[in-house]
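*Asks:* here's my sequence, what's the structure:
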Amino acid sequence: MYRFKEKLIKVFKILAPLVLSTTVTIVSAEGIVRISAFLWSDYGAYYLYYGFAGLSGNLGISPWSTHTGGYYKFPPHYQLKGAAGQATEVASINSLGFRGPEFQPIKPKATFRIVAMGESSTFGYRNGDGGTYPILLEKILRQTPGNANIEVINAGFPYYNTASVLALLREEISRYHPDVITLYSAFNDAAWPLKVNFLARVVFWIQEHSAVYLVIKDSLHTDSLYSKLMSRIARWMGAKTVNYDPFNVEIDQVALRYKKNVKSIVEFANENGIAIILIKQPMTAQNRRSDSPISYEAEYQAVMEKFRANAFLLPNQLLLIKHHRLIEELEKIATEEGLQVVDNIAIVDQNKGGLASWVHLTEDANLRLAQALKPAIEPYIMKRRAHATEQSAIASH
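*Replies:* Just a heads-up that it's a prediction; the model follows:
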């Protein structure tokens, strides 16, 4: 027993300095990176408080909460600056935690309220405050005489999936009494894993708390570097991978999860007298989007040809397969429920430069989407106006 204690003490004496020096290095690196990023981003608090939103009260992004079916919002009056994906653009958050101008929680009597729900592509990653499609949609609708009371609320948030959208709709959006909601979501549903083991949880924790990791990821995990790295891995592996049978099962499970959530969103909207418009979300697995005129469907078919041949596929190509299946599910739900679908995939296919990333839109592409949403929404505005006129005539008699 004495010898065991003696050995334990020796091990401790060897490891203690190593652990201490490693801890000091990590803490110092975190401090330096956070302060440097804070100054570099014109005093943006995103990196400074990264991972400690609950303590600082300055940042609300919570990827983990969205994976578990919950939702988050931003702190009131927050200015999101220097954030991953947001680049140099500032995202202004109102007093209720949503991006965009202020609105009254209790809807004014004459107001026609539209709520755009979705993920970061709705929130407007890489877009300025005036370039998101919800703000552009409101501007376009208000150009029609008599539409000054039209209001479009941006209820899109980074990392949201359809489970998050459903939770937000049930717990909060319904209290704002929207006349119409739009749903623009598929990418995150395809990307989030079905199950998360202990090791993955550790990785998630590091991702959510380490500014050093975040800066390295943002610097190195660009589309170009990512594609080059994965291509080299493909060549090293001989352009072959394991059997894809388990992946086919996973696709079915992801599609089932998505279908369940979307149908629940539709059902809740119907029960509460809210009209819903679905939007088909584009994405690409390619690196140089603007240089390639290939359509979404053609790209998918090319990836599927490799998939069936058991050739090596990049992670984003596998993601495209899942995403395509979710879009198919969305179309089926629209047919079953008799819902309108705005095909933003077809819109972006006409100009692939409209994708600022694998899934996010440029401001020009947001404008085209807003223009396509206008005729889909206008019948509901006219119906509401006709109903108001009818009620006024009844009251006058």
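*Asks:* tell me the secondary structure at residue 279.
*Replies:* Following DSSP: H, G, I helix; E, B strand; the rest coil, we place residue 279 in the strand state.
*Asks:* and it, what does it touch?
*Replies:* 118, 182, 183, 184, 341, 342, 344, 369, 373 (CB atoms under 8 Å, 6 or more residues apart in numbering). Every residue, glycine included, has its C-beta placed from N, CA and C.
*Asks:* residue 341: what secondary structure?
*Replies:* Under three-state DSSP, residue 341 falls in the strand class.
*Asks:* ok, what's across the strand from it?
*Replies:* Going by DSSP bridges, residue 341 is paired in beta bridges with residue 278.
*Asks:* and the pLDDT for it?
*Replies:* Note on residue 341: pLDDT of 98.
*Asks:* does it really touch residue 327, like I thought?
*Replies:* No. The criterion here is CB atoms under 8 Å, and residue 341 misses it with residue 327 at 9.9 Å.
*Asks:* with neighbour numbers in mind, choose between those two.
*Replies:* Taking other CB atoms under 10 Å, residue 341 and residue 327 do not tie; residue 327 has more neighbours (22 against 16).
*Asks:* check contacts around the nearest residue to the more buried one once chain neighbours are set aside.
*Replies:* Excluding its sequence neighbours, the residue lying closest to residue 327 (CB to CB, 6 or more residues apart in numbering) is residue 280, at 5.7 Å. The neighbourhood of residue 280, defined by CB under 8 Å, 6+ apart, consists of 327, 330, 331, 341, 342, 343, 344, 345, 346.
*Asks:* residue 79 too?
*Replies:* Residue 79 neighbours (CB under 8 Å, 6+ apart): 44, 90, 91, 92, 93.
*Asks:* which one of these is nearest to residue 159?
*Replies:* Within the contacts of residue 79, distances to residue 159 taken as CB to CB reach their minimum at residue 91, with 14.1 Å.
*Asks:* residues near the closest residue to residue 90 other than its chain neighbours, how many?
*Replies:* Closest residue to residue 90 apart from its sequence neighbours, by CB to CB, 6+ apart: residue 81 at 5.2 Å. When neighbours are counted by other CB under 10 Å, residue 81 registers 19.
*Asks:* same thing with residue 175?
*Replies:* Neighbour count for residue 175, taken as other CB under 10 Å: 11.
*Asks:* again, but for residue 267
*Replies:* Other residues near residue 267 come to 12 when the count uses other CB under 10 Å.
*Asks:* got the domain boundaries for the protein?
*Replies:* Split into domains by automatic domain parsing, the chain comes to 2-32, 98-396.
*Asks:* so which of those domains comes closest to residue 51?
*Replies:* domain 98-396 (3.3 Å).
*Asks:* what distance separates the closest one from the centre of its chain?
*Replies:* Its chain's C-alpha centre and that of domain 98-396 lie 7 Å apart, by CA atoms, centre = their mean, to the nearest Å.
*Asks:* related to what we said a few turns ago, can I get the domains of the chain in CSV with distance to residue 71?
*Replies:* What follows is those, written out as CSV (distance: least, CB to CB, whole Å):
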stretch, distance to residue 71
domain 2-32, 28
domain 98-396, 4
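*Asks:* by contact count, what packs against the longest helix seen in the chain?
*Replies:* The helix spanning the most residues in the chain, taking DSSP state H as the definition, is helix 2-40. With contacts taken as 3 or more CB pairs under 8 Å, 6 or more residues apart in numbering; DSSP states H and E, helix 2-40 sits against helix 45-48, helix 211-220.
*Asks:* off-centre distance for that helix?
*Replies:* With CA atoms, centre = their mean, you get 36 Å for helix 2-40.
*Asks:* pLDDT on it, on average?
*Replies:* Taken as a whole, helix 2-40 has an average pLDDT of 74.
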